[in-house]
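S.K.: Fold the following, please.
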Amino acid sequence: MTMKKTLATLVVGLAMPLSALASEGAERLTRILEPMQTYAATFEQQILDAGGERLQEARGKMWLSRPGKFRWEVDAPYQQVVVSDGDEVVLYDPDLEQATVQPLDQRVTHTPALLLSGSADELVANFDVTRSQQGSAERFTLLPTDPDTLFEELTMTFRGERLVGLEMLDSTGQRTAIAFRDVQINQAIEAGRFDFRIPDGTDVIRDTH
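M.R.: Numbers count the residues shown, from 1 in each chain. Now for the predicted structure:
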């Protein structure tokens, strides 16, 4: 899987059946996520194989605004932009002069960015959540209860209730690890950040599924 495809899968792509009671981990994670209206950060992303060897890396910036709006920009080693206005997602690759437009999948297990909206019902209904403390870091491991998901395991790491790390493990054992820096929570983000104007001359592919 290429880095470009992996980024698109992670952003566009994190769904979930019913648990009777919220676990302590789910309740704690919900308390952290629910106050979060906006989130912005720079990021460094690594893809590791099952043996821990680094396959690819990238860095860039991201912005989130609930509900359902996000923008990921990869600056290096190549450029790529993924933007959601809450209804549609645009994946733009300037190197290929190509843009893919598709409806936003509202399932949290297929759109990881939506997880940060902090819906307690979705957490309880779709994941088994466990919490651990490692020094100043608070880690939450989320296991989807629906087998039809894009990942086998998702780990979110917080320091001072700020999301600083996200890891996704897929069925092949490949791990995508993202470290967030320069985190800003509940700061104003201009609305135009989540509108993407496709440049003239771009090959546009529309996926209606």
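
S.K.: Could you report the pLDDT at residue 37?
M.R.: Here, the pLDDT recorded for residue 37 equals 89.

S.K.: I meant to write residue 99 there.
M.R.: pLDDT, residue 99: 94.

S.K.: That one contacts residue 201, doesn't it?
M.R.: No. Applying CB atoms under 8 Å, one finds residue 99 not in contact with residue 201, separated by 10.8 Å. C-beta: built from backbone N, CA, C; applies to glycine.

S.K.: So those two - more neighbours on which side?
M.R.: In terms of neighbours (other CB atoms under 10 Å), residue 99 is the more surrounded of residue 99 and residue 201; the figures are 20 against 6.

S.K.: and that one, helix, strand or coil?
M.R.: Put simply, residue 99 is strand when judged by DSSP: H, G, I helix; E, B strand; the rest coil.

S.K.: Just the terminal-to-terminal distance for stretch 151-168.
M.R.: End-to-end distance for stretch 151-168, by CA to CA, to the nearest Å: 6 Å.

S.K.: ok, now stretch 104-115?
M.R.: Start-to-end span of stretch 104-115 (CA to CA) is 13 Å.

S.K.: burial measure for residue 205, as a count.
M.R.: 11.

S.K.: Look up how far residue 97 lies from it.
M.R.: Going from residue 205 to residue 97 by CB to CB, to the nearest Å gives 12 Å.

S.K.: now residue 51
M.R.: 36 Å.

S.K.: And for residue 127?
M.R.: As judged by CB to CB, residue 127 and residue 97 stand 38 Å apart.

S.K.: which intervals of the chain have sub-threshold pLDDT?
M.R.: Scanning the chain for pLDDT under 70 picks out 1-22, 106-114, 117-121, 124, 209.

S.K.: can you give me the strands for it?
M.R.: 38-48, 54-65, 69-76, 80-85, 88-93, 98-103, 127-134, 137-144, 153-159, 162-169, 175-185, 203-206 (DSSP state E).

S.K.: Quick check: neighbours of the first one in the sheet, parallel or antiparallel?
M.R.: Same thing as strand 38-48. Applying DSSP bridges, strand 38-48 is found paired with strand 54-65 (antiparallel), strand 175-185 (antiparallel).

S.K.: and residue 74, bridged to which residues?
M.R.: Counting by DSSP bridges, residue 74 is bridged to residue 60, residue 80.

S.K.: oh, and call the first residue 45 from now on, that's how I've got it
M.R.: Got it, first residue is 45 now, which makes that one residue 118.

S.K.: So it is in contact with residue 101, correct?
M.R.: No. The criterion here is CB under 8 Å, and residue 118 misses it with residue 101 at 10.6 Å.

S.K.: Neighbours of the nearest residue to residue 202 once chain neighbours are set aside, how many?
M.R.: If the residues on either side of it in the chain are set aside, residue 202 comes closest to residue 182, at 4.6 Å by CB to CB, 6 or more residues apart in numbering. Taking other CB under 10 Å as the criterion, the count of residues near residue 182 is 19.

S.K.: Report the contact partners of residue 182.
M.R.: Applying CB atoms under 8 Å, 6 or more residues apart in numbering to residue 182 gives the contacts 72, 175-176, 201-203, 205.

S.K.: mind checking how far it is from residue 126?
M.R.: 27 Å.

S.K.: And for residue 94?
M.R.: Residue 94 is 26 Å from residue 126, by CB to CB.

S.K.: Since that was my last question, I'll sign off now.
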